[in-house]
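J.: Sequence plus the predicted model coming up.
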Amino acid sequence: MRILVTGGSGYIGSHTTVQLVAAGHEVVIADDFSRSKRAVLGRLEELCGAPVACRVVDLTDREATRELFEQESFEAVMHFAGLKAVGESVALPLEYYTNNLGLTLSVLDAMRATGVKKFVFSSSATVYGEHASVPMREDMPTSATNPYGWTKVMQEQMLRDLATAAPDMRVALLRYFNPVGAHPSGLIGEDPHGVPNNLMPLLAQIAVGQRNRLNLFGRDYPTPDGTARRDYLHVEDLAAGHVAALDALSSREEAVSTWNLGTGTPTSVLELVAAFAEASGRVIPTVDSARRAGDIAESYADPTKAQTELGWKATRTIQDMCADTWRWQSSNPTGYPDA
Ligand code: WQD
């Protein structure tokens, strides 16, 4: 299929693009490069064995987005574009609502105008809110504790309402747990814009000497070692989940399908620190710190639905995630070049 991948130069979008091309799909990336580097395109060409078409466009501009869809004949959209920093969203709620909701409304409007029916949405386990029991299941209620999370809850609702009005749509809501890792070549990986918020890129930057130490946000959680537990998922498994969801959409009865993409296995902060120290052969200095506002003790998936309905199951281990992250970071100590 000819697929538009919005935000395709970003972390998840770039890894998914490689797997879509390998699966025989034709990919066009749309990106404004506000949070990513153009150098990703050269790496994608190397991994895909051919240039990946890229259109530089502000997808919040309805006219420009409509023109893009009229010029190209897309058969599906994978929508990764959006702002995703929790802390930043608390400080800049208007920018987050305007950008994240605006992007999606603009793309959906262009899809409706040009008859594109398949839409794969980058959602997040953050929609389970702070009171969800574990393991999280797709039928649990959604809520949020920050504007970023609310933009995901709201976009899921927008998509459910659109599908009610246009039942020939086929929408996949993919709820990512904690994506980490990198393509095993070390050519593409996570290159956070600014100071990373997430644990794994921080560990990688400490190991490679970009940062001094890790603040351990709380050791008094009700967990075996006192640190919070998360469902870390290798980005290659996550990308494979997108390809599987896209393939399944045509045969789905329902207009909207929701799938957790997680391993179902929780890992604590201290366990990940130890695994990364092992993989990198570097010492990771830590300092005990207060809990981070908004953090929950445990978040991990019930991955049964995606396994049953998509035939998808995560295969990479925590060791794979750390080894692949380290290969990317040690080959690209400061991330992608400013090309
Ligand atoms: C993981 C664990 C921290 C940094 C976030 C977003 C979520 C999604 C994934 C987009 C937690 C601890 C972290 C540090 C630490 N993003 N930690 N010291 O918070 O589970 O999820 O990223 O969809 O929406 O909320 O991931 O990597 O930030 O934190 O101790 O310097 O590492 O407290 O327990 P999180 P994370």
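T.: Noted; the coordinates are in hand. On a predicted model such as this, the values are computed, not experimentally measured, just so you know.
J.: Now the residue in the stretch 201-339 of the chain positioned nearest to the ligand: closest residue in space, sequence neighbours ignored.
T.: Residue of the stretch 201-339 of the chain nearest the ligand, by CB to the nearest ligand atom: A228 (3.2 Å). Where C-beta positions appear, they are placed from N, C-alpha and C, glycine not excepted. The shortest distance from A228 to any non-neighbouring residue, by CB to CB, 6 or more residues apart in numbering, is to Y221 (5.1 Å).
J.: can you list the residues of the chain near the ligand?
T.: 84, 86, 124, 126, 178, 197-199, 202, 214-217, 228, 230, 269, 292, 295, 299 (CB under 6 Å from any ligand atom).
J.: And for G42, the neighbour number?
T.: A count of nearby residues for G42, using other CB atoms under 10 Å, gives 15.
J.: how much space between it and G311?
T.: 34 Å (CB to CB, to the nearest Å).
J.: now do V18
T.: V18 is 20 Å from G311, by CB to CB.
J.: Neighbour count: those two, which is higher?
T.: Shown here are V18 and G311; by other CB under 10 Å, V18 has more neighbours (22 against 10).
J.: any idea how far A50 is from A297?
T.: Counting by CB to CB, the gap from A297 to A50 is 46 Å.
J.: what do you get for N178?
T.: 32 Å.
J.: If you count neighbours, what's buried in the helix or strand bottoming out on mean pLDDT in the chain?
T.: When the helices and strands of the chain are scored by mean pLDDT, DSSP states H and E, helix 86-91 comes last with a mean of 94. Buried residues in helix 86-91, counted by 16 or more other CB atoms under 10 Å: 86, 88-89.
J.: Let me know the closest of these to the ligand.
T.: V86 (4.7 Å).
J.: list the contacts for the closest one?
T.: Neighbouring residues of V86 by CB atoms under 8 Å, 6 or more residues apart in numbering: 126, 146, 148-149, 197, 294.
J.: possible to save these as TSV with pLDDT, neighbour count and secondary structure?
T.: Below are these laid out as TSV (pLDDT from 0 to 100; neighbours: other CB atoms under 10 Å; DSSP: H, G, I helix; E, B strand; the rest coil):
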residue	pLDDT	neighbour count	secondary structure
T126	96	26	helix
N146	95	19	coil
Y148	97	24	helix
G149	97	23	helix
N197	92	14	coil
G294	91	14	coil
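J.: what's the most distant pair in those residues?
T.: G149 and N197 (13.3 Å; CB to CB).
J.: neighbours around the residue nearest to Y11 when sequence neighbours are not counted, how many?
T.: Spatial nearest neighbour of Y11, chain neighbours left out: E190 (4.6 Å); criterion: CB to CB, 6+ apart. When neighbours are counted by other CB under 10 Å, E190 registers 23.
J.: E190 contacts N197, correct?
T.: No - using CB atoms under 8 Å, E190 makes no contact with N197, being 11.5 Å away.
J.: Need the residues that contact the host helix or strand of V243.
T.: Assessed by DSSP states H and E, V243 sits inside helix 235-249. Helix 235-249 is contacted from outside by 1, 3, 11-12, 15-16, 18-20, 23, 25, 76, 78, 118, 120, 170-172, 174, 176, 179-184, 190, 257, 259, 261, 263, 306, 309-312, 314-316, 324, using CB under 8 Å, 6+ apart.
J.: Identify the residues contacting E75.
T.: Contacts of E75 by CB under 8 Å, 6+ apart are 1-3, 116, 118.
J.: Near V243, how many other residues are there?
T.: 19.
J.: Let's verify N215: helix, strand, or coil?
T.: With DSSP: H, G, I helix; E, B strand; the rest coil as the basis, N215 sits in strand.
J.: any idea what sits nearest it, other than its immediate chain neighbours?
T.: S289 is the one closest to N215 (CB to CB, 6+ apart), at 4.0 Å.
J.: Could you do R2 as well?
T.: E26 (4.5 Å).
J.: what's the angle from the helix or strand encompassing Q329 to helix 235-249?
T.: Counting by DSSP H and E, the element that carries Q329 is helix 318-331. Here helix 318-331 runs at an angle of 110 degrees relative to helix 235-249 (axes from the mean of the first three to the mean of the last three CA atoms, to 10 degrees).
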